[in-house]
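Engineer: need a 3D model of the following:
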Amino acid sequence: MGFRIMRLRLLHPVGLRVGAALSCSLLIAMCLAGTVAAATVTFGTPSATSQFGREIVFTQPYDGASIKSASILITLPDDPGPTVAAVSNVGSGSLTYAMDTSSGGVDPFVPVVGQFEIVLTDGTTLDGPEIKVTYDDDRFTWKTKIGKVVRLHYIDASDSFAQQMLSYADTGLANAAALFGVSETQPLDYYVYPSQSDFQQGLNQPDTVGGTVIQSVRIGYATVDPGDRVYAAQVMPHEPTHVAFWDATHNPYHEAPRWLNEGFAQYVSQGYDSDSRQIVSQAARDGTLPSLLALTDYFPLDSARIYLAYAEGLAAADFLVAKYSRAGVLKLVQAFAKGDTDDEAFKAALGVDVATFDKAFMADNNATPTKYGPQPEGTSPGGTSVAPGSTPTTVPGQKAPTRSGNSALFLLAGIMAVVGVVLLGLALAMVLSSRRQAAR
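Structural biologist: Residues are numbered from 1 along each chain as shown. Presented below is the predicted three-dimensional model:
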């Protein structure tokens, strides 16, 4: 035993050095092999084409090592992450993927980014270059006029009317920027369709009326009948105001309330006009004016209540400016830009939370907000008021729990607990016995 130990002590350091050298050599060889395998695949120049209302086709040529599988990552504006789709034509020397757009899902003129990802037969994963394409609405021949910031794209309008629409949009954006305290210098592309049907088919949004905008990529859309200056004066400044509001309030956490965003867009584009005042006053008299808290995230889509929602948002924006001035507006948008919650932002800027602001707004309009949805506790399922501490009426088809029934449950639970302790003791005894036998 001593001799063997001596040999081990003498030879162990040498063995370690030899083993280490062999391991390092093997590791280096494996890394070199991986590098060689990865280097054998070369990506060519990619391309992409689009046909509106049909598809976007991405193509990526390559040569080199064999590919086991491939997929494509597709990213659209405001997506939380890319969409991944499998690619079937592996091994042909050129990867292709056709993205079906016949059912919508991609807004016109937005930038779309695709990127192929391949897996080699040895498991190595490689990403190809990004492929960028603009999804043009190629159904029409578009004309363009360039203003101070806005770039107007239109189809059917006289030169003078197009210039008037451009002026409305540029002026609206400048006014909104001044109200929110931001600088607007990056181009805003504004696409105007000549009819509601062309607009809705282009965006594949049958419920959208008038206009919409994608703030993050500064692309707006609207529908204006050629020559309709009255409506153009309202809609053309509206969407650019959303862009300025987004620039003033954008943060990584959440958006400002919907009523505030739409309210300011209406405030800048048309002011608190007589039609909106009449809608709000009538709802206040009828008791159908909803709380601003009900308009935080979405507006109703039915024709009656959506116009009321816009009018109420406008009224609230007008009330806010009149009561707190532009200085209050600046503090409010700056608080949202920091990521404050709605209540935090209102308290920091105006000294009140949203609910208190809502109450003041309702009082200013002599209105009591209509309450929808579940009501507070204190009402039985049948609608009968229940006094605190009393026994509620039993729901039909159900049996109310009794004291004796509860006692039986407690007794059963006690018996089960005792049985559990006994079983745990037996298991522990068996473990100790096994250890004693093993020790012998």
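Engineer: domains in the protein, by residue range?
Structural biologist: 42-134, 140-247, 251-372 (automatic domain parsing).
Engineer: next, format these as CSV and append mean pLDDT and mean neighbour count.
Structural biologist: Quick note: C-beta positions are derived from backbone N, CA and C, even for glycine. As requested, the domains of the chain are exported to CSV (pLDDT from 0 to 100; neighbours: other CB atoms under 10 Å):
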stretch, mean pLDDT, mean neighbour count
domain 42-134, 94, 16
domain 140-247, 95, 19
domain 251-372, 95, 17
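Engineer: go ahead and confirm residue 232 touches residue 166.
Structural biologist: No - the criterion here is CB atoms under 8 Å, and residue 232 misses it with residue 166 at 10.1 Å.
Engineer: can you give me the helices for the stretch 51-200 of the chain?
Structural biologist: 159-180, 196-203 (DSSP state H, counting those that start in this stretch).
Engineer: skip the chain neighbours and tell me the closest residue to residue 366.
Structural biologist: Excluding the flanking residues, the one nearest residue 366 by CB to CB, 6 or more residues apart in numbering is residue 284, at 5.7 Å.
Engineer: quickly find the element holding the one you found.
Structural biologist: helix 274-286 (DSSP states H and E).
Engineer: ok, now residue 314?
Structural biologist: helix 303-337.
Engineer: just checking, what packs against the next helix or strand after that helix?
Structural biologist: Tracing the chain C-terminally past helix 303-337 and defining elements by DSSP H and E, one meets helix 342-350 next. For helix 342-350, the contact count by 3 or more CB pairs under 8 Å, 6 or more residues apart in numbering; DSSP states H and E identifies helix 303-337, helix 354-364 as packing neighbours.
Engineer: residue 192: which of these is closest?
Structural biologist: helix 303-337 (20.3 Å; CB to CB).
Engineer: chain center to the closest one, what's the gap?
Structural biologist: Relative to the centre of its chain, helix 303-337 is centred 23 Å away, using CA atoms, centre = their mean, to the nearest Å.
Engineer: how about stretch 231-238?
Structural biologist: Distance of stretch 231-238 from its chain centroid, counting by CA atoms, centre = their mean, is 27 Å.
Engineer: likewise stretch 194-204?
Structural biologist: With CA atoms, centre = their mean as the basis, stretch 194-204 stands 24 Å off its chain's centre.
Engineer: contacting residues for the residue nearest to residue 366?
Structural biologist: Contacts were defined as CB atoms under 8 Å, 6 or more residues apart in numbering; by that measure residue 284 touches 365, 366, 367.
Engineer: equivalent analysis for residue 95, please.
Structural biologist: If you count contacts by CB under 8 Å, 6+ apart, then residue 95 has 59, 60, 61, 62, 70, 72, 87, 89, 116, 118, 128 around it.
Engineer: now, which of the residues you listed sits nearest residue 196?
Structural biologist: Once CB to CB is applied, the member of the contacts of residue 95 that ends up nearest residue 196 is residue 72, at 35.2 Å.
Engineer: please verify my assumption that residue 297 contacts residue 260.
Structural biologist: No - counting by CB under 8 Å, residue 297 sits too far from residue 260 to count as a contact (11.7 Å).
Engineer: may I have the beta-bridge partners of residue 55?
Structural biologist: Assessed by DSSP bridges, residue 55 has beta-bridge partners residue 51, residue 100.
Engineer: mind checking how far it is from residue 268?
Structural biologist: Remark: distance between residue 55 and residue 268 (CB to CB, to the nearest Å) = 39 Å.
Engineer: ditto for residue 144
Structural biologist: Taking CB to CB as the criterion, residue 144 is separated from residue 268 by 24 Å.
Engineer: quick one: contacts for the closest residue to residue 289 other than its chain neighbours?
Structural biologist: Taking CB to CB, 6+ apart as the measure, residue 289 lies nearest to residue 283, with 4.1 Å between them; neighbours along the chain are not counted. By CB under 8 Å, 6+ apart, residue 283 lies in contact with 289, 308, 312, 367.
Engineer: from these, which is closest to residue 77?
Structural biologist: Distance to residue 77, by CB to CB, is smallest for residue 312 among the contacts of residue 283, at 29.5 Å.
Engineer: which residue is the nearest non-sequential neighbour of the closest one?
Structural biologist: The spatially closest residue to residue 312, leaving aside those adjacent along the chain, is residue 280, at 5.8 Å (CB to CB, 6+ apart).
Engineer: one more: residue 358?
Structural biologist: For residue 358, the nearest residue in space outside its immediate sequence neighbours is residue 292; the separation is 4.5 Å by CB to CB, 6+ apart.
Engineer: my guess is that neighbour contacts residue 354, does it?
Structural biologist: Yes - with contact defined as CB under 8 Å, residue 292 reaches residue 354; the gap is 7.1 Å.
Engineer: related to what we said a few turns ago, pull the contacting residues for the residue nearest to residue 358.
Structural biologist: Residues near residue 292 by CB under 8 Å, 6+ apart: 257, 259, 312, 316, 354, 357, 358, 361.
Engineer: any idea what residue 188 is bridged to?
Structural biologist: Assigned bridge partners for residue 188, using DSSP bridges, are residue 150.
Engineer: go ahead and confirm it touches residue 240.
Structural biologist: Yes - counting by CB under 8 Å, residue 188 touches residue 240, with 6.0 Å between them.
Engineer: which residues are in contact with each of these two?
Structural biologist: Contact criterion CB under 8 Å, 6+ apart; residues shared by residue 188 and residue 240: 150, 169, 173, 220.
Engineer: go through those and name the one nearest residue 350.
Structural biologist: Taking CB to CB as the measure, residue 173 is the one of the shared contacts of residue 188 and residue 240 closest to residue 350, at 25.5 Å.
Engineer: contact partners for residue 315?
Structural biologist: With CB under 8 Å, 6+ apart as the criterion, the residues that contact residue 315 are 263, 272, 276, 277, 280, 361, 365.
Engineer: next, format those residues as JSON lines and append distance to residue 156.
Structural biologist: As requested, these are exported to JSON lines (distance: CB to CB, whole Å):
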{"residue": "263", "distance to residue 156": "32"}
{"residue": "272", "distance to residue 156": "33"}
{"residue": "276", "distance to residue 156": "30"}
{"residue": "277", "distance to residue 156": "34"}
{"residue": "280", "distance to residue 156": "36"}
{"residue": "361", "distance to residue 156": "42"}
{"residue": "365", "distance to residue 156": "42"}
